[in-house]
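> Turn this into a structure:
(one chain, ligands or ions: 2)
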Amino acid sequence: MRYTILGQTGIKVSYLCFGCLTISPLQRNLPINKGVDLLVYAFDMGINFYDTAELYKTNEYLKEFIKLRPRQDIVIATKSYAYDARGAQQSLEKALREMGTDYIDIFLMHEQESDLTIKGHYEALEYYLKARDKGFIRAVGLSTHNIRAVTASIKYEGIQVIHPIINYKGVGIEDGGIDDMLEAVSNAYSAGKGIYAMKPLGGGTLIKDRQACFDFVLGLKNIHSIAVGMQTREEVSANIAVFNGRKIPDDIYNKLGQYRRKLHIDDWCEGCGNCKDHCGQKALKIIHGKARVDEKKCILCGYCGAKCPLFCIKII
Ligand code: SF4
Ligand code: SF4
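Ligands and ions are numbered 1, 2, ... in the order given. Here you go, the predicted model:
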């Protein structure tokens, strides 16, 4: 496994970061023991970097995981939507308590959109920076689907880490295309920010182009790490092989092909109907204000996911 120092944080992370959302109750909902087993397997294969969020409800997995391997060798990033000092304090204390740890390595402001959003969360940012000075957090940053937030973050010295959405089709970028996002990321990287990309497979919507997706992100120079959601040992092994420039062993490749994928619609869907209007198979309906899929009609093409303004749809 290749390791890098995440910008100017001094934190050493594996090039492949384990995205915990996929094992969480919001997605595959693995039993705690199976999720922990997977995290331990990934660690033993060289992955030391684990990305989660308050929203994902994965703290219990991480709590059990860090009992089994040295805490100081594990890097945990989590995120919160808190915008004021009180909310930030509650989020940090909850993360520490529920993970059973004395510190969080990277604490991110979740889904920032622009300079205005950062200003709106400034009290929370100040709280995290004070917590960093006291040793409860090692580095502070933000996650975003927006080019504007990446650009705006450059002027905030306290924002040391950026977690932007990056995939070759620009799926999920809310305010432009992939070329503009890469330019913003390049500027942030040059300014010393630690960059770890999210959703290289477009949240699963580009899974059919798996190799093209990875070829693209692995060819980018201005990224320290890439978070990928994984649900099985075979996926961990396959991704480690790809990240190390190796061919996926045939037995693992064949097993990967056996997993039954399905369309997942997150419960924050607001029923706007944009996905439905772009489904050529007429597999989506809006029922009681939420999108619902008819699995018999859905061909898992992933087009609807790219049209959702809230990034609710994934193929898992
Ligand atoms: S586009 Fe997204 S928010 Fe709108 S109905 Fe579909 S899933 Fe829900
Ligand atoms: S994945 Fe394709 S077929 Fe399935 S609901 Fe979305 S657009 Fe329709």
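
> Following element in sequence after whichever helix or strand residue 87 is part of, please.
Secondary structure assigned from DSSP states H and E places residue 87 in helix 85-99. Using DSSP H and E, the helix or strand that directly follows helix 85-99 along the chain is strand 104-109.

> what's the angle between that following strand and helix 85-99?
In this structure, strand 104-109 runs at an angle of 140 degrees to helix 85-99, with axes from the mean of the first three to the mean of the last three C-alpha atoms, to 10 degrees as the basis.

> Walk me through which strands strand 104-109 pairs with, and which way each runs.
strand 75-80 (parallel), strand 137-144 (parallel) (DSSP bridges).

> Let's have these in TSV, adding distance to residue 252.
C-beta here means a position set from N, CA and C on the backbone, and glycine is covered the same way. As requested, the strands paired with strand 104-109 are arranged in TSV below (distance: least, C-beta to C-beta, whole Å):
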stretch	distance to residue 252
strand 75-80	26
strand 137-144	30
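
> Can I get those strands in JSON lines including distance to residue 7 and mean pLDDT?
Below are these laid out as JSON lines (distance: least, C-beta to C-beta, whole Å; pLDDT from 0 to 100):
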{"stretch": "strand 75-80", "distance to residue 7": "13", "mean pLDDT": "98"}
{"stretch": "strand 137-144", "distance to residue 7": "8", "mean pLDDT": "97"}
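
> Please dump these into JSON lines; it should also carry mean neighbour count and distance to ligand 2 for every row.
Rendered in JSON lines, the data for the strands paired with strand 104-109 read as follows (neighbours: other C-beta atoms under 10 Å; distance: least, C-beta to the nearest ligand atom, whole Å):
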{"stretch": "strand 75-80", "mean neighbour count": "25", "distance to ligand 2": "27"}
{"stretch": "strand 137-144", "mean neighbour count": "25", "distance to ligand 2": "25"}
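
> Ok, which of the ones you listed comes nearest residue 314?
Nearest to residue 314 among these is strand 137-144; the distance by C-beta to C-beta comes to 16.1 Å.

> Any idea how far the host helix or strand of residue 41 is from the middle of the chain?
Element membership of residue 41 [criterion: DSSP H and E] is helix 32-44. Relative to the chain's own centre, helix 32-44 is displaced by 18 Å; criterion: C-alpha atoms, centre = their mean, to the nearest Å.
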